[in-house]
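Engineer: Got a predicted structure here, sequence first:
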Amino acid sequence: MFLNRRIAAICAGMMFLLVFTGCKSKFEKLRASNNIAQKYEEAVKLYEKKKYTKALVLFDDLRTKFRGQAEAENIYYYLAFANYRLKDYTSAAFHFKDFADVYPNSARAEECRFMHAYCYYLDSPRSTLDQANTRKAIDALQLFVNLYPESERSKEAADLIQKLRDKLELKAFANARLYYDMGLTDDYRAAVIALQNVLKEYPDTKYAEEIEFLTLKAQYIYASKSFFLKQESRFDDALDYYRSFASNFPNSKHMKEAESLRENSEKGIKTALSQVKDYNKAVAEQEVYIKEQKAKKEKENTQKDESKK
């Protein structure tokens, strides 16, 4: 009985292997065939059955076989969408653009131009990573809006552009904040410069309130850690940032702390001026002392010379 079961299992395995091998052989045989019409028909059937990997293989083989014929446009189209369905957005973006460039007058050119940009959008990484694809997506989506301003997809393209710009803003803000978090004197100055650059590049950023407040804090800390001879001008800069923040965000949740930074900056200026005054007085007294000592020395030397005569 055990032997019969074992023989049955072996037979079943062999039958499965034969069926599997037969199916594979059929596909490989079709792929090697010169019957491009049959190959095209099967590729379309495979695509419609959502067997995108096999369909992609056949469409790729057929890409140069139908030059100048109606099927060629379909092959370009299916190639792009097969890659898209397989979530190979880099390849899909290439093929969608290829379609739009080769068939600019096609009824499907608009769709492919949008999908080219949309694939870059899908390939855009989170804000902490390199944003090269994000910029490519913005450029491609903007090109679509420029080419098809009346398209139903134009609003969607504009919305996607805004989402991508938000990501770039967040990336720029995070990079600028990194200088602040590092906590060294020169880093605070670097943070101020980086934060101001974010505002210049993205004047309408939704992070403007946080950026302006952090700029004020960074400048205040930078001034506080500076050599006293340079503190007056640096605290003055902090007051300028305070005035900008208070004007733009009078109801900010940070206003109480901002007021404290303003008061401390004003005190810092007074303290710095007092220190500079004492310093200048000490320098002046030192210069007088040096002159007196020099004059005394010269007088002693003169007296010695006269006594020798």
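Structural biologist: The structure has been received and is ready for your questions.
Engineer: By mean pLDDT, flag the weakest helix or strand of the chain.
Structural biologist: Every helix and strand in the chain was compared by mean pLDDT, DSSP states H and E; the lowest is helix 2-32, with a mean of 58.
Engineer: So which elements touch the helix or strand just after that one?
Structural biologist: Per DSSP states H and E, the first helix or strand lying C-terminal to helix 2-32 is helix 36-48. Counting by 3 or more Cβ pairs under 8 Å, 6 or more residues apart in numbering; DSSP states H and E, the packing neighbours recorded for helix 36-48 are helix 2-32, helix 52-62, helix 70-85. No exception for glycine: its C-beta is placed from N, CA and C like everyone else's.
Engineer: Buried residues in helix 36-48, which are they?
Structural biologist: For helix 36-48, a neighbour-count test (16 or more other Cβ atoms under 10 Å) marks 36, 39, 40, 42, 43, 44, 46, 47 as buried.
Engineer: got it, and stretch 132-143?
Structural biologist: By 16+ other Cβ under 10 Å, the buried positions in stretch 132-143 come out as 133, 134, 136, 137, 138, 140, 141.
Engineer: Residue 163 is in contact with the fourth one, correct?
Structural biologist: So that's residue 137. No: counting by Cβ atoms under 8 Å, residue 137 sits too far from residue 163 to count as a contact (9.6 Å).
Engineer: Could you measure from residue 51 over to residue 83?
Structural biologist: Separation of residue 51 from residue 83 (Cβ to Cβ, to the nearest Å): 14 Å.
Engineer: Neighbour count for those two, which is higher?
Structural biologist: Taking neighbours as other Cβ atoms under 10 Å, residue 51 and residue 83 compare with residue 83 leading, 23 against 14.
Engineer: Please tell me the pLDDT value assigned to that one.
Structural biologist: The model reports residue 83 with a pLDDT of 97.
Engineer: residues in contact with it?
Structural biologist: Neighbour list for residue 83: 56, 89, 91, 92, 95 [criterion: Cβ atoms under 8 Å, 6 or more residues apart in numbering].
Engineer: Could you tell me which of the residues you listed count as buried?
Structural biologist: If you count burial by 16+ other Cβ under 10 Å, the buried members of the contacts of residue 83 come out as 56, 89, 91, 92, 95.
Engineer: ok, now which ones touch the fourth one?
Structural biologist: Right, residue 92. Contacts of residue 92 (Cβ under 8 Å, 6+ apart): 80, 81, 83, 84, 115, 119.
Engineer: Show me the residue at the heart of the chain, geometrically.
Structural biologist: Residue closest to the average C-alpha location in the chain (Cα atoms, centre = their mean): residue 131, at 3.4 Å.
Engineer: Against residue 142, how distant is that one?
Structural biologist: Relative to residue 142, residue 131 is positioned 16 Å away (criterion: Cβ to Cβ).
Engineer: and what of residue 178?
Structural biologist: Plainly put, residue 178 is 29 Å away from residue 142 if you go by Cβ to Cβ.
Engineer: Residue 136 now?
Structural biologist: 11 Å.
Engineer: And residue 300, by the same measure?
Structural biologist: Per Cβ to Cβ, residue 300 is found 83 Å from residue 142.
Engineer: Same check on residue 218?
Structural biologist: Residue 218 is 33 Å from residue 142, where distance means Cβ to Cβ.
Engineer: go on, residue 28?
Structural biologist: Separation of residue 28 from residue 142 (Cβ to Cβ): 45 Å.
Engineer: Next up, the contacts around residue 292.
Structural biologist: With contact set as Cβ under 8 Å, 6+ apart, residue 292 has no partners.
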